[in-house]
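*Asks:* I'd like to go over a predicted model; first the sequence, then the structure.
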Amino acid sequence: MVNISAQITPNPHTLKFVVDRMLLEYGSIDFSNREKAATSPLVLKLYGIDGVTAIMVGTNFVSVTKSNSVDWTNLAEPVISILQKELDSGETGVDVSLLTASTTSEGGSDIEARIREILDNEIRPAVAMDGGDITFHSYEDGIVMLRLQGACSSCPSSTLTLKMGIENRLREEIPEIRDVVQI
């Protein structure tokens, strides 16, 4: 039987449901709407719960974001029940073909490689602890473009995290960086 624990995140509309097994080998898959979940039965079932607005699956957790109109006291139990039933069946219920290539993939400039290294080794693990993920999109003319997912995508403190945390850390190592923006 799978063990599941619900954890709060800095985003009051998102809870992180940690499971005691691997769901993905690496990274995360962001299901920002029901259509993106068409080939992932577990995620589709979670979207069947009234009030669920976004889902992100990480290596050993599922972050669920709710609408303002529902309360976690009414939502957490159905989420745990679906996770329990689906994961006890032995399947992850997630289409792993949707997993984008690792951010440490080959290619790009030396600056891009250094950005990916800092993101993968320092920033992404810290953000995953809060139920989110941050992936590198591009670097051009001193501007780093990142994609925020899960609890991070709609968190009230995401701008602070992006500017004061990530931007400052990247600039310490890479002075060529002028700005870090969310896409």
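*Replies:* It's in.
*Asks:* scan the protein for its longest helix.
*Replies:* helix 72-88 (DSSP state H).
*Asks:* which residues sit against that one?
*Replies:* Helix 72-88 is contacted from outside by 1-2, 4, 6, 15, 17, 19, 21, 41-42, 45-46, 49, 51-52, 62, 64, 66, 93, using Cβ atoms under 8 Å, 6 or more residues apart in numbering. Where C-beta positions appear, they are placed from N, C-alpha and C, glycine not excepted.
*Asks:* please repeat the previous calculation with a cut-off of 7 Å.
*Replies:* For helix 72-88, contacts defined as Cβ atoms under 7 Å, 6 or more residues apart in numbering pick out 1-2, 4, 6, 15, 17, 19, 21, 42, 45-46, 49, 51, 62, 64, 66, 93.
*Asks:* go on, stretch 34-54?
*Replies:* Contacts for stretch 34-54 (Cβ under 7 Å, 6+ apart): 31-32, 55, 57, 64-67, 69-70, 75, 78-79, 82, 86, 92-95.
*Asks:* cool, stretch 171-183 as well?
*Replies:* The contact list for stretch 171-183 (Cβ under 7 Å, 6+ apart) reads 111, 114-115, 118, 137, 142-148, 162, 166-167, 170.
*Asks:* just the buried ones from the contacts of helix 72-88, in PyMOL syntax?
*Replies:* Per 16 or more other Cβ atoms under 10 Å, the buried members of these correspond to this PyMOL selection:
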select buried, resi 4+15+17+19+42+45+46+49+51+62+64+66+93
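*Asks:* out of the contacts of stretch 171-183, which end up buried?
*Replies:* For the contacts of stretch 171-183, a burial check counting by 16+ other Cβ under 10 Å picks out 111, 114-115, 118, 144, 146-148, 162, 166-167, 170.
*Asks:* in JSON lines: those residues, plus pLDDT.
*Replies:* Converted to JSON lines, the buried ones among the contacts of stretch 171-183 look like this (pLDDT from 0 to 100):
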{"residue": "Ile111", "pLDDT": "92"}
{"residue": "Arg114", "pLDDT": "93"}
{"residue": "Ile115", "pLDDT": "93"}
{"residue": "Ile118", "pLDDT": "92"}
{"residue": "Val144", "pLDDT": "93"}
{"residue": "Leu146", "pLDDT": "91"}
{"residue": "Arg147", "pLDDT": "87"}
{"residue": "Leu148", "pLDDT": "85"}
{"residue": "Leu162", "pLDDT": "74"}
{"residue": "Ile166", "pLDDT": "88"}
{"residue": "Glu167", "pLDDT": "90"}
{"residue": "Leu170", "pLDDT": "93"}
